[in-house]
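J.: Dropping the sequence and predicted coords here.
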Amino acid sequence: MNLEKYLVVAGMPGVHKVTATRSNGFVIEDLNEGRSRFVPMRQQQVTPLATVGIYTYTDAEGENTIPLADVFQKMLDQYDSIPPVSLDSNSAAFRAYFTAVLPEHDQDRVHINDIKKCIKWFKYMVEKGIFEDLKKEEAAAKSETTEPAEVAVEKDATTGAVKPAKDVTEKDTTTKTEEPAEDAPEKD
């Protein structure tokens, strides 16, 4: 799951999709209001979801964190059997849910507010259909890269064997020279 295009902005509810970047901020699509707006980086605290990680006890890639995309994938995989708790739940319910979904999370460094944010973002993304859009984008990207390229073949006239045709990008190194016709008048 690629969360590169999604971010959260302090003071603005929900998860937003980046439609363009500028040197001083982002143009985002506000899924609540259905419009685009500019968010300056100097005035707003912007957090790209692809940069968020959850602390774990396991040493994954030497940083003891797991990317938020992987956490969301685990939450999606267990969505039917273990649905996310209500945002009005108590701290014990949040911890129990997160332990069921991600048992290796570091309970000393992952606070209840972090779990609550994670669940809030997850629920918002499910509600707005963002995960379905991400799956479609991944499927489209995968089908583009896995389609076999058509290869032109030609038959060797002498042996009858099939061999790949010459690549059109290769330059033909043979040169064709025209010889003057014998009965053509010579120019002085």
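T.: That came through fine.

J.: The closest residue to Leu68 other than its chain neighbours: neighbouring residues, count only.
T.: Setting aside the residues directly before and after it, Leu68 is nearest to Val52 in space (Cβ to Cβ, 6 or more residues apart in numbering), at 4.1 Å. From N, CA and C alone the C-beta is placed, and that goes for glycine too. Counted by other Cβ atoms under 10 Å, the residues lying close to Val52 total 19.

J.: Surely Val52 is in contact with Asp70?
T.: No: using Cβ atoms under 8 Å, Val52 is not in contact with Asp70; the gap is 10.9 Å.

J.: Give me the sheet partners of the strand ranked longest in the chain and which way each runs.
T.: For the chain, the longest strand by residue count, based on DSSP state E, is strand 12-22. Counting by DSSP bridges, the strands paired with strand 12-22 are strand 6-9 (antiparallel), strand 25-30 (antiparallel).

J.: Contacts for that strand next, please.
T.: 5-9, 26-32, 36, 38-39, 44, 48-49, 121, 124-125, 128, 130 (Cβ atoms under 8 Å, 6 or more residues apart in numbering).

J.: Buried ones from the residues you listed, can you make that a ChimeraX selection?
T.: Provided next is the ChimeraX selection string for whichever of those are buried by 16 or more other Cβ atoms under 10 Å:
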select :5,6,7,8,9,26,28,29,30,31,39,49,121,124,125,130
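
J.: Checking my notes, Ser38 in a helix, right?
T.: For the record, residue 38 is Phe, not Ser. No: checked against DSSP: H, G, I helix; E, B strand; the rest coil, Phe38 lies outside a helix; its state is strand.

J.: Does it touch Asp30 like I think?
T.: No: Phe38 is beyond contact range of Asp30, at 11.0 Å (criterion: Cβ under 8 Å).

J.: ok, Asn64 touching Ile54?
T.: No: assessed by Cβ under 8 Å, Asn64 is found out of contact with Ile54, at 9.8 Å.

J.: So these two - more neighbours on which side?
T.: Ile54 (21 against 16).

J.: gap between the more buried one and Gly34?
T.: Relative to Gly34, Ile54 is positioned 31 Å away (Cβ to Cβ, to the nearest Å).

J.: quick check: domain ranges of this structure?
T.: With domains defined by automatic domain parsing, the chain comprises 6-49, 52-135.

J.: As JSON lines, the ones you listed with distance to Thr145 and mean pLDDT would be great.
T.: Formatted as JSON lines, the domains of the chain follow (distance: least, Cβ to Cβ, whole Å; pLDDT from 0 to 100):
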{"stretch": "domain 6-49", "distance to Thr145": "22", "mean pLDDT": "89"}
{"stretch": "domain 52-135", "distance to Thr145": "16", "mean pLDDT": "91"}
